[in-house]
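**Student:** with the input below, show me the fold.
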Amino acid sequence: MSHVPTHVPFELSGAELRDAVVQYATAPIYHDNLDWLNHDNPYRRQLRPQVLPHLDYDKVPGRENILDYTSLAVQRLLTSIYEADLVFFPKSGLEGKEEDFRAFYSPGNRALGERIRPALERYAFGFLDHEVETSGKWTAESLDAYLDSLDTSGGEEPSPTEKAIRNSSDPQRAARMWLVQFAPDFLSEASPMMRNVLGYYGPAQSEWFKVVIDEYGYGVHDTKHSTLFERTLESVGLESDLHRYWQYYLNSSLLLNNYFHYLGKNHELFFRYVGALYYTESSLVDFCRRADRLLRDVFGDTVDTTYFTEHVHIDQHHGRMAREKIIKPLVEVHGEGVIPEIVRGIEEYRALLDVSDFDFSEQIAWMDAQPELKKLHGPVFEGLKQGKVDAPVAHLVEPRGELSNTHCHEGDELCHIVSGTMRFESGFGSSLTLQAGEGVVIKRNRLHGANIESDECVYEIHSVGDYRKCLS
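**Tutor:** Below is the predicted model:
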C-alpha cells in the first residue's frame, strides 16, 4: 500500500494550495499573538499567516529537511485541522471566548481545513516512504518473530533526550521544556485512538475500546490520564490549560502527535495504527519508568509523577492486549496481507521517535548555548564585514511590544542590533537581552522568537547559511 493517500482529483497543489492555506490561516484565531503564552483559550493557535504565501507545499521534503520552517508551519496547520474534530473548552469557562469558539468549530473553518488536509499530510508524512521498507513475504510466524525481536525495553543506554536534560546547564528548564512537548498529546490523551473505536469490526474493536477506557480512568475524572498529567505540569510550576505553550512546541512534537491523528483520520491506514499502537503501548513501560526517575532526579520529591508510574503499571497489560487481542485476531480474520501495514506502523513510529529525540536534544543544546552564541556574534559579524560570506540581509525597524512569534530558519542566520533593545527567545525559560551593537547566531531549524523592549529597535538579519564559514 502507498504510504500517503492516493492522489485524487480534488487534491490541491501549487498556487491553488497556497491560496487555500492562506484562506484557512487568516482567520483571526490564527493570527500572531501579542504574548508568548495563550491564556486559557484552546481555540487560538498562532499560524503566522503572513509567511504562508511564501512557502512551497508541493515538494515532499526528505528526512534531512523535515525540521525546516515549512514543515513546522504544516504541522501547526494540521494540528488545528485535526483538533476541530475534538471538543475543547477553556478551564475558566466559555464566557468572553464565545466568538473564538464559534470560529474554530464553524462549518467554514472545518471545510477549509479538510480541503487542504490531504496535500498537507502528503507533505508532512511523505518522507516516511523512504524511511521504511516492508516488502517481501510476511506470515503470522514471521510477524511473531519480528515482534519478539523488538527491543521495547530501551536498554540501559540513556536516550538522547535523557542525556540532553541531565547534561543541560539548567536541567529544570530543560525538563520543563520537555514536559511542554507532551501537552498536545497528553492533555487530550487517546483522542486520536478514539477515531478507530467507532464503526463495526468485531471483537478487536471491543479490545481497542478497553485501552481507551483505561486512558479515560474508567470514567473517573480524577484518574483520567490527562488529569494526572495536569498534576505533573502544575507540580513543576507549569500551567495545564490546553495550548498555553503553543509557541514552544517543537516541530517534531507536533509531528508525533499528528501522526496518530493522520492514521486515525484516514481509515485506509487502520492497520498501520494497529502496529503503532502496539509499539507505543509496549515501549511506554520503560519510557515512563525512566521519565519518573528523571523527573525525580531533577525536581526532587515535589514533582508529581503519577502520570508516568500509572503507565508503568497499565501499559504492560496494554502491550499484551494489543498483540494477543488486537493484532493476532485481525490477522486471523483479514489474512496475512495486512501484516506489512502493521509492521510499517511500527517502523514509521520508531523513525519518528528518532526525529523527536534529535530535535529535542538539539533544542536544549541551542538553549544552553545562548551565552556563547551571543559572544560569537562579534566574530561572525566581523567575518561578514570582511566579505567571507555573501549573505543576504533584511533590515527591520519595529516598535515596542512587537512580538516575532516563534519560527525557525532553513540556514544559520545572524541577528545584529543596530539600535534599541530586543529580548531574544530561544525556548521556554530561555532568553537573551540584546542591546545596540550586540546580536546572536541563530542556528538552522532552531525554534526562536523575539520581542522589542525599547520604543524602537533597528536590527538586521543576515542569512549566512553556515555561520562557521564566517569564522574561517
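**Student:** only C-alpha atoms from now on, for both contacts and neighbour counts.
**Tutor:** OK.
**Student:** check contacts around Y82.
**Tutor:** N258, H261 (C-alpha atoms under 8 Å, 6 or more residues apart in numbering).
**Student:** that one sits in which helix or strand?
**Tutor:** In this structure, Y82 is located in helix 69-83 according to DSSP states H and E.
**Student:** next structured bit after that helix?
**Tutor:** Of the helices and strands lying after helix 69-83 in sequence (DSSP H and E), the nearest is helix 98-104.
**Student:** ok, and what's touching stretch 449-466?
**Tutor:** Stretch 449-466 is contacted from outside by 389-407, 411-426, 470, using C-alpha under 8 Å, 6+ apart.
**Student:** same deal with stretch 415-426?
**Tutor:** Outside stretch 415-426, the residues within contact range by C-alpha under 8 Å, 6+ apart are 366-367, 370, 377, 381, 431-442, 446-462.
**Student:** for this structure, which strand is longest?
**Tutor:** Longest strand in the chain by number of residues (criterion: DSSP state E): strand 456-465.
**Student:** ok, the residue nearest to P42 when sequence neighbours are not counted to W178 distance?
**Tutor:** Counting by C-alpha to C-alpha, 6 or more residues apart in numbering, P42 lies nearest to L242, which is 5.5 Å off, once chain neighbours are set aside. L242 sits at a distance of 16 Å from W178 (criterion: C-alpha to C-alpha, to the nearest Å).
**Student:** in the chain, which spans are strands?
**Tutor:** For the chain, the strands defined by DSSP E cover 393-399, 403-407, 412-419, 422-427, 430-434, 439-442, 448-452, 456-465.
**Student:** send me the last one as CSV with only the CA atoms.
**Tutor:** Read it as strand 456-465. What follows is the C-alpha trace of strand 456-465 in CSV, where atoms were taken according to Å, rounded to 0.1, in the frame of the first residue of the first chain:
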residue,chain,number,x,y,z
GLU,A,456,12.0,51.3,18.6
CYS,A,457,14.5,48.7,17.6
VAL,A,458,16.5,48.7,14.4
TYR,A,459,18.1,45.4,13.6
GLU,A,460,19.5,43.2,10.8
ILE,A,461,19.0,39.5,9.9
HIS,A,462,21.9,38.2,7.9
SER,A,463,21.2,34.8,6.1
VAL,A,464,24.7,33.4,6.4
GLY,A,465,23.9,29.7,5.5
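**Student:** show me what contacts S135?
**Tutor:** Neighbour list for S135: P340 [criterion: C-alpha under 8 Å, 6+ apart].
**Student:** again, but for the one 5 residues further on
**Tutor:** Remark: with contacts taken as C-alpha under 8 Å, 6+ apart, A140 is in contact with V331, E336, I339.
**Student:** who wins for most neighbours among those?
**Tutor:** The member of the contacts of A140 surrounded by the most neighbours (other C-alpha atoms under 10 Å) is I339, with 24 neighbours in all.
**Student:** do you know how far the residue lying closest to it once chain neighbours are set aside is from A322?
**Tutor:** For I339, ignoring the flanking residues on the chain, the nearest one in space by C-alpha to C-alpha, 6+ apart is W138 at 6.5 Å. Using C-alpha to C-alpha, one gets 19 Å for the distance from W138 to A322.
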